[in-house]
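Undergrad: Make a model of this:
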Amino acid sequence: MKYICLGYYDKGKFDGMPESERNAMFDACFEYDEHLRANGHSFGGEALQPAETALTLSWENGKVATTDGPYAETKEQLGGLGVLEARDMNHAVQLMSQHPALKYGTLWEIRPAGDMSEIMKASEQRRRKDTSR
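TA: The predicted model follows:
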C-alpha cells in the first residue's frame with residue numbers, strides 16, 4: 001500500500017543550524033532515503049521551496065483568488081513529501097521512525113494514499129457518454 005509522507009520543519013530552527021550540522025542532517029537523510037529506495041519502499045519525493053514562495057488559490061465571489069504564502073500560518077512548514085510503499089500503517093510508521101530527519105526536529109505526517117482508480121473510471125465513462133450525444 002502507498003503512503004504519502006509529509007515532512008514539516010521549523011524554519012527558525014533550520015536557519016539557526018550551523019552549516020556542518022545541516023550538512024550532516026542532509027547526508028544522513030539522503031542515505032536513509034537511498035536505503036528505502038533500494039529496498040522497494042520509496043517511490044520518490046520532492047523537497048519544497050520555502051513557504052514564502054507559495055501561492056494559495058481559492059474560489060471567492062465566483063472567481064479564482066490568490067494569496068501569497070501558505071494557507072495556514074504555523075510554526076512548522078511543509079518542507080517536502082515522499083511516497084512510501086509499506087504493508088500497512090504500522091509498517092509505514094516503523095520505516096519513517098528510523099528517518100534521521102526526526103532527530104533534527106522534522107515532523108512526519110503519514111497518510112494512506114487514496115485509490116482513485118474506480119472514481120476515475122466512472123468519470124471517464126460519464127464523460128464518454130456526454131460527448132457521444
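
Undergrad: Model confidence score at the residue at minimal distance from the centre of the chain, please.
TA: By CA atoms, centre = their mean, the chain has its centre lying nearest to residue 81, at 2.3 Å. For residue 81, the pLDDT comes out at 95.

Undergrad: how close does it get to residue 58?
TA: 21 Å (CB to CB, to the nearest Å). The way it works is simple: take the backbone N, C-alpha and C, and place the C-beta from them, glycine included.

Undergrad: can you give me the helices for the protein?
TA: Listed in chain order, the helices of the chain (DSSP state H) span 11-15, 19-38, 89-97, 117-131.

Undergrad: do you know which of the ones you listed lies nearest residue 69?
TA: Proximity to residue 69 (CB to CB) singles out helix 11-15 among the helices of the chain, at 12.4 Å.

Undergrad: how about low-confidence regions in the protein?
TA: Applying pLDDT under 70 to the chain picks out residues 70-74, 132-133.

Undergrad: which residues sit in contact with residue 36?
TA: 42, 84, 95 (CB atoms under 8 Å, 6 or more residues apart in numbering).

Undergrad: Contact partners for the second one?
TA: Counting by CB under 8 Å, 6+ apart, residue 84 touches 2, 3, 4, 5, 36, 41, 42, 43, 92, 95, 96, 110.

Undergrad: give me the beta-bridge partners of the nearest residue to it once chain neighbours are set aside?
TA: Spatial nearest neighbour of residue 84, excluding adjacent residues (CB to CB, 6 or more residues apart in numbering): residue 3 at 4.5 Å. Beta bridges link residue 3 to residue 84, residue 112 when assigned by DSSP bridges.

Undergrad: before we move on, the earlier item: tell me the one of the contacts of residue 36 nearest residue 125?
TA: Scanning the contacts of residue 36 for proximity to residue 125, where the rule is CB to CB, the winner is residue 84, at 31.6 Å.

Undergrad: can you tell me how far that closest one sits from residue 64?
TA: Where residue 64 is concerned, residue 84 sits at a distance of 33 Å (CB to CB).
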